[in-house]
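Visitor: Below are the sequence and a predicted model for it; my questions follow.
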Amino acid sequence: QNYPLYIRSVPTENELKFHYTVHTSLDVVDEKISALGKALVDQRELYLGLLYPTEDYKVYGYVTNSKVKFVMVVDSSNTALRDNEIRSMFRKLHNSYTDIMCNPFYNPGDRIHSRAFDNMVNSMMMQVC
């Protein structure tokens, strides 16, 4: 339904800008999914790659086979991140999200409030920075 379950940004002073970037990138994700069509149904995961670059950031996308969308915004000046690193970070996010979904006390569709998920996201963000 394209509403965020989890948003984390560092630094927090530009958080509203990142919210806007994530929401606009969801439209690009939907366009890419519809453009690729049925070819994607056979795949286990959908790494969409670079959705669009901006002057300051690069926006990447990933969609699971259950249509859960992950969006990652990375600083454009970070040239150390390659496609393989972004792909592995999305896999870690997907695995952690799967762990949350397996929790019997989590209601699907609710915002994610998990220390384990926070720690995993923080560790990924520390690797990037």
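Guide: Structure received.
Visitor: ok, longest helix in this protein?
Guide: helix 15-36 (DSSP state H).
Visitor: Give me the buried positions along the next helix or strand after that one.
Guide: Using DSSP states H and E, the helix or strand that follows helix 15-36 towards the C-terminus is strand 45-53. For strand 45-53, burial by neighbour count (16 or more other C-beta atoms under 10 Å) applies to 46, 47, 48, 51. Placement of C-beta: from N, CA and C, glycine included.
Visitor: swap in stretch 5-14?
Guide: Neighbour-count burial for stretch 5-14 [16+ other C-beta under 10 Å]: 6, 9.
Visitor: Distance from it to the middle of the chain?
Guide: Computed by C-alpha atoms, centre = their mean, to the nearest Å, the separation of stretch 5-14 from the middle of its chain amounts to 12 Å.
Visitor: Just the endpoints, please. Distance across that stretch?
Guide: With C-alpha to C-alpha, to the nearest Å as the measure, the first residue of stretch 5-14 is 19 Å from its last.
Visitor: Name the residues that touch that stretch?
Guide: Stretch 5-14 is contacted from outside by 15, 18-19, 22, 73, 109-112, 117-118, 121, 125, 129, using C-beta atoms under 8 Å, 6 or more residues apart in numbering.
Visitor: Those residues in helices, which ones?
Guide: Per DSSP H, these map to helices at 15, 18, 19, 22, 117, 118, 121, 125.
Visitor: Can I get the residues you listed in JSON lines including pLDDT and neighbour count?
Guide: JSON lines is the format used below for these (pLDDT from 0 to 100; neighbours: other C-beta atoms under 10 Å):
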{"residue": "15", "pLDDT": "83", "neighbour count": "13"}
{"residue": "18", "pLDDT": "86", "neighbour count": "19"}
{"residue": "19", "pLDDT": "87", "neighbour count": "13"}
{"residue": "22", "pLDDT": "89", "neighbour count": "18"}
{"residue": "117", "pLDDT": "93", "neighbour count": "17"}
{"residue": "118", "pLDDT": "93", "neighbour count": "14"}
{"residue": "121", "pLDDT": "92", "neighbour count": "19"}
{"residue": "125", "pLDDT": "86", "neighbour count": "13"}
